[in-house]
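K.L.:
no sequence for this one, just the structure:
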C-alpha cells in the first residue's frame, strides 16, 4: 500500500464504527482531505491525542480505496491552551469552520497556521480586541485567496471612492451579491444590502490589504468590531454558500453573565 507524508491541521473528526474515526485535515500539500484513523477510539491508541481538532501535525498516510489511512502522527504544535478556554475554543472553531472548504493553495495553510497561533498568545475574554480582529483577518484573507475579496474602497456600482474624512455621516451599505460597498446613491439598487459605516468599510479594506502580521495596528471601537464581524460573516456565507455557526456561539459567550 503506497504511503506519503503530509503536514496538516486537524479540522474535525467523526466516529466510524466502534473504534475508528474519520478525520478531516487541511494539508499543506493537498488542501482539504479526509482520512481514517483506525482504532483511535481505543484507550491504548497512540494516535488519539495527536489528531485532536486544531492540532498541527506531520502525518504518514497510506493510500486506500476510498479513504486514506493515518498510519503515524507527530505533533508540531498542540495548541493545548485553546481547549482550556471557552473563548479560545470559540475563536478557534470560527477559523476551523471558515477553513472547511475545498481549497488546495498551500499559501492558505501558512495563513491558517499563523492565525491558529495567535489566539494562544493573547488573553481572550469578553473585551479582547485582538481575538476578534485576527479571526476577521483570517476570514477576509481566505475570501481573497478564493477570489472573493470584498471591494470596500469604492462603490461597486458607480465607482465613487469611500470618504476618508473622520466623522463622515453618510449612510453607505455593503452588498453580499455584488461583493462590495454601495454609496448612498446606489444603495437603493440592492434590497439585500446591509447598512455599514464608512469607518467599518475602511477597516475592512485595511485588513484585506495590510501586510501579514500588521492586523494588530487596527484599532476600532467594540461597536465597529461587531459591525465588521457582521459584514465579514454575511460576505463569507454568501460566497461559500454555508451557514456559519461559530460567530453566534462567540456572541452568546460574550453576552453571558460572568460565572
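P.N.:
Here it is on my side, so go on. Note that this is a predicted model, so its numbers are computed, not measured. Numbering: from 1, shown residues only.
K.L.:
Report the next helix or strand after the helix or strand of the chain at the bottom of the mean pLDDT ranking in sequence order.
P.N.:
Lowest mean confidence among the helices and strands of the chain (mean pLDDT, DSSP states H and E): helix 106-117, at a mean of 67. For helix 106-117, the following helix or strand on the C-terminal side (DSSP states H and E) is helix 129-145.
K.L.:
Show me how far that following helix is from its chain's centre.
P.N.:
Relative to the chain's own centre, helix 129-145 is displaced by 6 Å; criterion: C-alpha atoms, centre = their mean, to the nearest Å.
K.L.:
Mind listing what's buried along it?
P.N.:
Within helix 129-145, the residues scored as buried using 16 or more other C-beta atoms under 10 Å are 130-143. Any C-beta I mention is one placed from the backbone N, CA and C, and that applies to glycine too.
K.L.:
which other residues reach stretch 27-45?
P.N.:
Contacts to stretch 27-45, defined as C-beta atoms under 8 Å, 6 or more residues apart in numbering, come from residues 6-8, 11, 13, 15-16, 18-26, 47-48, 51, 59, 61, 64, 67-70, 99-106, 108-110.
K.L.:
Just the buried residues from those residues, in PyMOL please.
P.N.:
To isolate the buried members of the contacts of stretch 27-45 in PyMOL, using 16+ other C-beta under 10 Å:
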select buried, resi 6+7+8+11+13+16+20+21+23+24+25+26+47+48+51+59+61+68+69+70+99+101+103+108+109
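K.L.:
Go through the contacts of stretch 27-45 and flag which are in strands.
P.N.:
Per DSSP state E, strands hold the following members of those: 6-8, 11, 13, 15-16, 20-26, 59, 61, 68-70.
K.L.:
Helices of the stretch 101-250 of the chain, residue ranges please.
P.N.:
In the stretch 101-250 of the chain, the helices defined using DSSP state H, counting those that start in this stretch lie at 106-117, 129-145, 198-209, 222-240, 246-255.
K.L.:
What helix or strand is the residue nearest the centre of the chain located in?
P.N.:
Closest residue to the average C-alpha location of the chain: residue 95 at 3.0 Å, with C-alpha atoms, centre = their mean. Per DSSP H and E, residue 95 falls inside helix 86-99.
K.L.:
Report the buried residues of that helix.
P.N.:
Quick answer for helix 86-99 (16+ other C-beta under 10 Å): 87-99.
K.L.:
That helix vs helix 222-240, what angle?
P.N.:
Orientation check (axes from the mean of the first three to the mean of the last three C-alpha atoms, to 10 degrees): helix 86-99 against helix 222-240 gives 30 degrees.
K.L.:
so where is the stretch 1-150 of the chain shaky, pLDDT-wise?
P.N.:
Within the stretch 1-150 of the chain, the stretches with pLDDT under 70 are 1, 80-88, 101-108, 112, 114-129.
K.L.:
who's in contact with residue 233?
P.N.:
Under the criterion of C-beta under 8 Å, 6+ apart, the contact list for residue 233 reads 139, 244, 247.
K.L.:
Neighbours of the last one, how many?
P.N.:
When neighbours are counted by other C-beta atoms under 10 Å, residue 247 registers 21.
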